[in-house]
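In: here is a sequence with its predicted model. Questions after.
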Number of protein chains: 2
Amino acid sequence: MTAPLHEAHPAGPGRALPDTQQGMRRRNLARVMHTVGAAGPLSRAAVASRIGLTRAAVSTLVDELVRSGLLEELGPERPGRVGRGRPGFALAVSGRGPAGIGAEVGVDHLAVCAVDLRGEVRARIVRHGTNRDRSPEPVIAELAGLVRRVVAEADGEGLWPAGLAVAVPGLVARDARTVLRAPNLGWHDTDLAALLPAELPLTVDNEANFGALAELWLGEDTPRDFLHVSAEIGIGAGVVVDGRLLRGTRGFAGELGHVPVRPDGPECACGGRGCLEQYAGEEAVLRAAGLQLGEDRVGLLAGRAADGDEDVRRALRDAGEALGVALTGAVNLLDPESVVLGGALAGLAPWLLPSLRSELARRTAGPACPVSVSRLGSEGPLLGAAHWVVRGVLDDPAGVAELRAQG
Amino acid sequence: MTAPLHEAHPAGPGRALPDTQQGMRRRNLARVMHTVGAAGPLSRAAVASRIGLTRAAVSTLVDELVRSGLLEELGPERPGRVGRGRPGFALAVSGRGPAGIGAEVGVDHLAVCAVDLRGEVRARIVRHGTNRDRSPEPVIAELAGLVRRVVAEADGEGLWPAGLAVAVPGLVARDARTVLRAPNLGWHDTDLAALLPAELPLTVDNEANFGALAELWLGEDTPRDFLHVSAEIGIGAGVVVDGRLLRGTRGFAGELGHVPVRPDGPECACGGRGCLEQYAGEEAVLRAAGLQLGEDRVGLLAGRAADGDEDVRRALRDAGEALGVALTGAVNLLDPESVVLGGALAGLAPWLLPSLRSELARRTAGPACPVSVSRLGSEGPLLGAAHWVVRGVLDDPAGVAELRAQG
């Protein structure tokens, strides 16, 4: 009854391993990778004592990981660090070898990056310019060009792509390749796998999901139960429970933007009335502040609010209040340890947070759920996508070695 | 990366088993129990082929389970059923041996039952009468008396208690023994373990949680992702995700009754305003219908509604509408496969469901989440508690054998 090491996405790289000798060996390879990744450099003896296996068993596993290029041996350890026996070589996760390629299709930008097994961003390209109402083919063709450039750049540093993960601002089918609807792009039922080069294992997911996973994996002191709220034009949430992302039956979980705030409020495109998006979505806030919808909406709002524009500040205060009402419901249902504002909301936090927090507090008898701001900001989804691939390698190192052998 | 077999309650009987040879053996014992439980009677060969182990490995496991009294061998199989080799004995889960003792402290009743490993209720006692504003000591002393009677009755049938699980209408600490607050009983910070006989392993949990688990384990075609909504005086929900109950950081998840429906609505004891309980809680419905709060409130409302009382019908219609608004938010956040009305709500379903369903449908663009009524009705929490203990035995048969050896 061990907990799954990896977020269990049906099409993700961390597939379930059977409870056999072979499965146990693969899980133990993963334990070695994670242990060295989290606490390395470490000697073989230190790894053995941390994961509770014999030194001989660990050495066999380590040899296999070194052969596959996933771990590397540094120079001999200083004598003082080894208690007894012959001096060991310290082990570290390789900075060459497999890399995760993350990509993001934003409403106003495209981005691609490569992250190595140590978690370092080794290559990164961003292309600004709207994708609103462009058809998927040219956008994805452009994205594929950026992917090729990042892969070439990573190749120059001795890295090879273990997979590609793409964050999109929309609902993705459980096949992890089809964008069912992305209203702010104007896309629906778009199979990205058919538009992208076939050589890389592909995972497509909602940007709010990848943002939440980035917070889980890269945030400072992130708890294992939290709600990650982000926005580009819509408002989405990633619900993380016990270190796993909650996806829902159809993969549609986290649609915080369509939680009713005022049941008789304005009509929403979702079919409902008075949804959160009608009060705290970017369009609603711009409208309430008397501004036009254009590019860099967050920058515009943040700039005006910082300059003391009372209309913008009032609009953001009201948006924070509506967020507070919707989050009260979410907190009552899910009892998370904290709420994290990420994505575009992070940039507006100074003006949203006061009313959001006071609304949550006045609706809660005990201590209110703490609300913090992600330090990843708008980088979250892109980093989450790249780390998705990296975690897949760490969670099943034998799998990526097989992939490399086939490739 | 095997999924946990058992609901992972920190103090529950299905504790995590390490990923070692010993842990693997214990997990395989559990697989044999579950396989025979779900599909038995089965021959050893049939068990082996279903769980993918060799017949020799399965025989060793089966022998251990027969020795512990958890499985029993029926007579020799009819020759026609065995393809080759010597005729086998069909295996079945034992109807003697360990039993789960479930108990419920309701606002208006106490109940205790014993359920055997086959899932049959073998003894059951209910005591009607209000517990409202009685102090915990006499109530729990009375409950302990009922437990002793049920255990004695079960003993007469060759069953011994593997544990006791108690459902309460309130919030329970993560220690699974302390009732933090049960406003409708007037209890707070009550350690039930100190008031109950120490000889039985104890689990205390919220009645909505046990009700949801009963639905998961005993309901017909229950999906693995659903929201179970129940009510006694408060309104609670059990959120089941991928076959596991979501508990939240403090164990407070599922507080659907305090999801805001109208942010400026009447004040609620929780500190909020316009919470669902202010519109669909029993007290609110009785008040709206012009009735007094007394015992058997559901019976009173259902009786009047069936008799065509327009005030009661209108009050229930409005409550259904408020439930629809709150559930729209929950469905958008969690994307469950279905919503199940259980507990007291099951008895009022004919008058709640039409407005609830139409509210959910008109607030949803695609097909609305289906809403059904639990067939377990108000028995859910009691059965869920007893089956909690039974599942603990099935999920770690070696653990219960150790318990028996110590006892």
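Out: Happy to help now that I have it. For clarity, every value in this text was computed on a predicted model and none was experimentally measured. Residues are numbered from 1 along each chain as shown, chains lettered A, B, ... in the order given.
In: just the CA atoms of stretch A:210-219, as PDB, please.
Out: Output of stretch A:210-219 as PDB, limited to C-alpha atoms (Å, rounded to 0.1, in the frame of the first residue of the first chain):
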ATOM      1  CA  PHE A 210       0.300  22.500 -14.700                       C
ATOM      2  CA  GLY A 211       0.400  25.700 -12.600                       C
ATOM      3  CA  ALA A 212      -0.800  23.800  -9.500                       C
ATOM      4  CA  LEU A 213       1.700  21.000 -10.100                       C
ATOM      5  CA  ALA A 214       4.500  23.500 -10.400                       C
ATOM      6  CA  GLU A 215       3.500  25.000  -7.100                       C
ATOM      7  CA  LEU A 216       3.400  21.500  -5.500                       C
ATOM      8  CA  TRP A 217       6.900  20.600  -6.900                       C
ATOM      9  CA  LEU A 218       8.700  23.900  -6.900                       C
ATOM     10  CA  GLY A 219       7.000  26.200  -4.300                       C
END
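In: is chain B within reach of it?
Out: No - judged by C-beta under 8 Å from any C-beta of the partner chain, stretch A:210-219 stays clear of chain B, getting no closer than 12.9 Å. The C-beta positions use only the backbone N, C-alpha and C, and glycine is treated the same way.
In: ok, and what's touching that stretch?
Out: With C-beta atoms under 8 Å, 6 or more residues apart in numbering or on different chains as the test, stretch A:210-219 has contacts from A:7, A:102, A:104, A:119, A:165, A:167, A:222, A:224, A:226, A:228, A:230, A:237-240, A:243, A:245, A:254, A:340, A:342-343, A:374-376, A:379-385, A:387-388, A:391.
In: same deal with stretch A:281-293?
Out: A:231-235, A:257, A:277-278, A:297-298, A:300-301, A:304, A:309, A:311-312, A:314-316, A:318-319, A:344.
In: and A:Glu72, that's in a helix?
Out: No - using DSSP: H, G, I helix; E, B strand; the rest coil, the assignment for A:Glu72 is strand, not a helix.
In: that older thread, could you flag which of the contacts of stretch A:210-219 are buried?
Out: A:7, A:102, A:104, A:119, A:165, A:167, A:222, A:226, A:228, A:230, A:237-240, A:243, A:245, A:254, A:340, A:342-343, A:374, A:376, A:379-385, A:387-388, A:391 (16 or more other C-beta atoms under 10 Å in any protein chain shown).
In: so which of the contacts of stretch A:281-293 are in helices?
Out: Per DSSP state H, helices hold the following members of the contacts of stretch A:281-293: A:277-278, A:297-298, A:300-301, A:304, A:311-312, A:314-316, A:318-319, A:344.
In: for the least confident helix or strand in chain A by mean pLDDT, the distance to its chain's centre please.
Out: Scoring the helices and strands of chain A by mean pLDDT, DSSP states H and E places helix A:397-406 at the bottom, with a mean of 78. Relative to its chain's centre, helix A:397-406 lies at 24 Å (C-alpha atoms, centre = their mean, to the nearest Å).
In: same deal with stretch A:49-56?
Out: Relative to the mean C-alpha coordinate of its chain, stretch A:49-56 is positioned 32 Å out (C-alpha atoms, centre = their mean).
In: neighbours of the residue of the stretch 51-200 of chain A found nearest chain B, how many?
Out: Residue of the stretch 51-200 of chain A nearest chain B, by C-beta to the nearest C-beta: A:Gly52 (7.8 Å). Neighbour count for A:Gly52, taken as other C-beta atoms under 10 Å in any protein chain shown: 12.
In: any idea how far it is from A:Asn28?
Out: A:Gly52 sits 10 Å away from A:Asn28, going by C-beta to C-beta, to the nearest Å.
In: could you chop chain A up by domain?
Out: A:21-93, A:98-211+A:381-406, A:221-375 (automatic domain parsing).
In: which SS class is the closest residue to A:Pro183 other than its chain neighbours?
Out: Nearest residue to A:Pro183 in three dimensions, chain neighbours excluded: A:Ala269, at 6.6 Å (C-beta to C-beta, 6 or more residues apart in numbering or on different chains). Following three-state DSSP, A:Ala269 is assigned to coil.
In: does A:Ala269 touch A:Arg181 like I think?
Out: No - using C-beta atoms under 8 Å, A:Ala269 is not in contact with A:Arg181; the gap is 10.3 Å.
In: show me which residues of the stretch 251-400 of chain A sit near chain B.
Out: Where proximity means C-beta under 8 Å from any C-beta, the interface of the stretch 251-400 of chain A facing chain B comprises A:251-256, A:258-263, A:269-273, A:325-326, A:328-330, A:332-337, A:362-365, A:395.
In: out of those, name the ones that lie in helices.
Out: Here DSSP H is the test, and these give A:Val325, A:Ala326, A:Thr328, A:Gly329, A:Ala330, A:Asn332, A:Leu333, A:Leu334, A:Arg362, A:Asp395 as lying in helices.
In: looking at the stretch 301-407 of chain A, what residue ends up closest to chain B?
Out: For the stretch 301-407 of chain A, C-beta to the nearest C-beta, closest residue to chain B: A:Asp335, 2.4 Å.
In: mind checking the SS state of the closest residue to that residue other than its chain neighbours?
Out: In space, and not counting its chain neighbours, A:Asp335 is closest to B:Gly248: 2.4 Å by C-beta to C-beta, 6+ apart. Following three-state DSSP, the label given to B:Gly248 is coil.
In: how near is B:Gly248 to A:Trp160?
Out: The gap separating B:Gly248 from A:Trp160 is 42 Å, by C-beta to C-beta.
In: same question, A:Thr364
Out: Distance from A:Thr364 to A:Trp160, by C-beta to C-beta: 50 Å.
In: same check on A:Ala111?
Out: A:Ala111 is 21 Å from A:Trp160, by C-beta to C-beta.
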